[in-house]
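Engineer: Sequence and computational prediction follow.
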Amino acid sequence: MPNDVERADELADFLCFSVYEAGHAFNQLYRELLAELGLTYPQYLVMTLLWRRDDRSVKDLGLKLGLASNTLTPLLKRLESNGLIGRRRDPADERSVRIVLTKAGRDLKARAKIVPERVAEATGLTQAELAELAETLRRLRSTLSERAPG
């Protein structure tokens, strides 16, 4: 059975495998860091958006996260059952649901501040390298999306 190094060497010329492996490593890191906060990675992303700007529509959150409502709704219900957010109808448009942080949700922000620092530290990259890599990956994603069949 090949070890991780042998497997990676066999597939080193596949960019998609490198991205996949990096994604897997990020998932493991975030799972450990977010367990302390009682959040999954998708929940953390929702909370991060709300910490940056509270009182958002479900539609806005879905657009920012690239998630359909049938994926987002259960995630929001779980955050609500955990006491971190509240959902309410928009008085200006009853069809729209707004998501707001509860006191517990706002308080969690202070504990979550360490997550980006720990992730950046775990990469072993400088801030400049991280910014350059993030920009390169955004361009890659955009180009691939434009050229994807169908």
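Structural biologist: It's in.

Engineer: Name the next helix or strand downstream of the top strand by length along the chain, please.
Structural biologist: Longest strand in the chain by number of residues (criterion: DSSP state E): strand 93-101. Per DSSP states H and E, the first helix or strand lying C-terminal to strand 93-101 is helix 103-112.

Engineer: List the buried residues in that next one.
Structural biologist: For helix 103-112, the neighbour count (16 or more other Cβ atoms under 10 Å) marks Gly105, Leu108, Ala112 as buried. C-beta: built from backbone N, CA, C; applies to glycine.

Engineer: again with stretch 81-98
Structural biologist: Leu84, Ile85, Val97, Arg98.

Engineer: Leaving out chain neighbours, which residue sits closest to the second one?
Structural biologist: When you say that, I think you mean Ile85. Leaving aside its chain neighbours, Ile85 sits nearest to Leu79 (4.6 Å; criterion: Cβ to Cβ, 6 or more residues apart in numbering).

Engineer: Per-residue pLDDT of the one you found, please?
Structural biologist: For Leu79, the pLDDT comes out at 98.

Engineer: That one: helix or strand, and which one exactly?
Structural biologist: Judged by DSSP H and E, Leu79 forms part of helix 69-81.
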